[in-house]
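1. need a structure here:
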Amino acid sequence: MLAQTEKSKMEPGQERRMMRRFDMRLPAAIRVRELGPDPFMTETQNVSARGVFFYLDRAIAEGSHIEVTMTFPPHITLTDPVRVRFIARVVRVSPPLPAARIGVAAIIEEYEFLRTYPDSTSVSQ
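-> This is a model prediction of the structure:
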């Protein structure tokens with residue numbers, strides 16, 4: 001009941017994020033269990049320590065679990081590129097834009113760093 005009361009005090013459009021988000025347009029491979037084993041390539045719009053936002057060209061349900069693999073480049077890490085794979089849960093799906101893209105916000109539940117070898121082959125550490 002208290003949570004409901006607190007929610008009702010929030011004004012429409014008020015920021016609910018707890019972590020700072022960073023506008024980062026980075027290539028990402030998204031696997032959606034419900035849509036099969038093949039990844040969908042997209043680009044992130046913003047990333048935070050707890051979540052990610054991107055667009056897909058197909059529908060996905062809130063609550064879906066997804067696997068996201070992406071590489072943070074040297075200009076972000078200030079060292080070598082860092083490849084990360086994480087499991088996230090979709091918490092918000094925005095209506096399609098005119099170009100039929102659907103906005104997806106997901107909260108990160110687990111993550112792992114991946115080793116990248118010079119031949120671009122990666123394996124889990």
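2. which residues of the protein fall in helices?
-> For the chain, the helices defined by DSSP state H occupy 2-9, 74-77.
3. hey, least reliable of those by pLDDT?
-> Ranked on mean pLDDT, the bottom entry among the helices of the chain is helix 2-9, at a mean of 41.
4. how far away is Arg58 from Asp23?
-> 24 Å (CB to CB, to the nearest Å). All C-beta spots, glycine's among them, are computed from the backbone N, C-alpha and C.
5. In space, not sequence, find me the middle residue of this structure.
-> Val52 (3.0 Å; CA atoms, centre = their mean).
6. Read off the pLDDT value for that one.
-> Each residue has a pLDDT score; the one for Val52 is 97.
7. Report the beta-bridge partners for it.
-> Beta-bridge partners for Val52, by DSSP bridges, are Val47, Ala106.
8. Would you agree it is in contact with Ile87?
-> No: contact criterion CB atoms under 8 Å: Val52 and Ile87 do not qualify, at 11.5 Å.
9. joint contacts of those two?
-> Listed contacts common to Val52 and Ile87 are Ile108; contacts here mean CB atoms under 8 Å, 6 or more residues apart in numbering.
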